[in-house]
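Participant: Pasting the sequence and the predicted coordinates here, then a few questions.
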Amino acid sequence: MAPLAVTRRINTRGSFKEEAAFLPFYGTEVFTMTYLPAGSPRVGLVICSSLLVEQLTNYRREVLLARELARRNIAVLRFHYRGSGHSQGDDSTASWETLVQDARFAGAHLRSRTSVNVLSWMGARWGALVAAAAGRDQPNSPLLLWEPVVQTERYFQELFRSRRVRELNDGRFSATDWREEMAGRGHVDILGHAFHRRLYESTQGRRLDALLAGTAHPTMIVQFGRGRSPRPDYQRLGEAIARGGGHLDIAYVHDEPAWFFPGYQMKSVDRLLSISCDWLCGAAVGRESGG
């Protein structure tokens with residue numbers, strides 16, 4: 001479907017186009033940003049962002065990844081879920097199903113805009129779950145994951161722990177349990193962002209290993225922190241992927257991404273981009289050649 005509005009610019013440093021568009025979808029508009037190499041790209045990547053404050057903390061890194069891949073002749077599309085960022089829609093109606101719908105819609109648009117042969121997926125944190133679900137109908141497509149959420153319950157615990165820490169720092173600790181708050185108001189405030197009951201309830205029990213079951217994605221996890229070996233949950237995920245005939249690579253960035261703190265500046269962004277782009281280019285070329 002034709003976009004409602006398009007703005008284009010030429011990135012003179014990389015000789016590629018950046019195309020911002022609002023696309024009609026289910027009676028509203030989805031914001032997309034497409035990066036079009038100068039040549040005829042054979043490989044495309046859809047970037048699935050995380051949620052709430054993490055969408056902001058990782059925003060710049062996703063832009064830099066898209067631009068670097070466009071320089072390497074890979075077409076990239078970033079998008080905002082309905083009800084978030086520049087996209088229209090009511091954030092209270094977002095659910096697991098709408099997030100995955102939005103990602104698949106973005107992938108279909110990138111295919112129609114570029115006619116790429118290989119469509120790969122990238123997800124940061126919560127976006128890893130969305131990317132894995134959206135890519136299930138392309139079970140051999142490359143999957144790049146930055147610090148992926150492996151199970152939603154653990155992610156919820158991190159969210160509410162971050163809220164508690166912020167309250168303690170601000171000296172305004174609340175005795176009200178978040179479950180009571182969500183039941184009464186329909187949402188919970190997490191660092192200035194509304195986390196709605198519909199999204200919470202529709203995403204309970206989601207697991208990355210289940211989403212990858214039966215697929216053979218070449219998969220890369222970028223693990224942040226000081227460790228130099230896979231964390232147990234990533235190691236178990238690798239074993240599950242291997243049982244399904246896939247393969248998991250894990251790379252390490254010894255830095256803190258500070259997912260809940262937008263002002264933090266990573267010191268290892270260049271390494272993050274380098275290992276991500278190198279792996280994706282290699283995996284995509286192998287996929288295109290049938291390897």
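Facilitator: On my side now, so go ahead.
Participant: Can you show me the strands along the stretch 51-200 of the chain?
Facilitator: Applying DSSP state E, counting those that start in this stretch to the stretch 51-200 of the chain gives strands spanning 74-79, 118-124, 143-146, 187-190, 193-196.
Participant: in the last one, what counts as buried?
Facilitator: Judged by neighbour count (16 or more other C-beta atoms under 10 Å), strand 193-196 contains these buried residues: 193, 195-196. For the C-beta atoms, the positions are set from N, CA and C on the backbone; glycine is no exception.
Participant: Spit out the contact partners of Val76.
Facilitator: If you count contacts by C-beta atoms under 8 Å, 6 or more residues apart in numbering, Val76 has them with 34-35, 44-47, 65-66, 69-70.
Participant: quick one: low-confidence parts of the stretch 51-200 of the chain?
Facilitator: 165-176 (pLDDT under 70).
Participant: quick revisit: now the strands of the stretch 51-200 of the chain in a markdown table, please, with extra columns for distance to Asp177.
Facilitator: As requested, the strands of the stretch 51-200 of the chain are exported to a markdown table (distance: least, C-beta to C-beta, whole Å):
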| stretch | distance to Asp177 |
| --- | --- |
| strand 74-79 | 35 |
| strand 118-124 | 29 |
| strand 143-146 | 32 |
| strand 187-190 | 10 |
| strand 193-196 | 14 |
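Participant: neighbours of His217, just the number please.
Facilitator: By other C-beta atoms under 10 Å, 28 other residues sit near His217.
Participant: I meant Arg9, not that one.
Facilitator: Other residues lying near Arg9 total 9 when counted by other C-beta under 10 Å.
Participant: Which one, of the strands of the stretch 51-200 of the chain, ends up nearest to Glu97?
Facilitator: Between Glu97 and the strands of the stretch 51-200 of the chain, the shortest gap by C-beta to C-beta is with strand 193-196, which sits at 13.9 Å.
Participant: partners of the closest one in the sheet?
Facilitator: Its sheet considered, strand 193-196 pairs with strand 187-190 (antiparallel) by DSSP bridges.
Participant: Buried residues in the partner strand, which are they?
Facilitator: Across strand 187-190, burial judged by 16+ other C-beta under 10 Å covers 187-188, 190.
Participant: And the spatially closest residue to Met122 that is not a sequence neighbour, how far from Val118?
Facilitator: Of all residues beyond its chain neighbours, the one nearest Met122 is Leu144 (4.3 Å), with distances taken as C-beta to C-beta, 6 or more residues apart in numbering. Distance, Leu144 to Val118, using C-beta to C-beta, to the nearest Å: 13 Å.
Participant: returning to that earlier point: from the contacts of Val76, which is closest to Ala213?
Facilitator: Nearest to Ala213 among the contacts of Val76 is Val46, at 21.0 Å by C-beta to C-beta.
Participant: so the closest one touches Leu119, yeah?
Facilitator: Yes: if you go by C-beta atoms under 8 Å, Val46 and Leu119 touch, sitting 6.9 Å apart.
Participant: Find residues that contact each of those two.
Facilitator: Common neighbours of Val46 and Leu119, using C-beta under 8 Å, 6+ apart, are 107, 110.
Participant: Looking at the two, which is more packed in?
Facilitator: Val46 (29 against 24).
Participant: you'd agree the more buried one is in a strand?
Facilitator: Yes: assessed with DSSP: H, G, I helix; E, B strand; the rest coil, Val46 lies in a strand.
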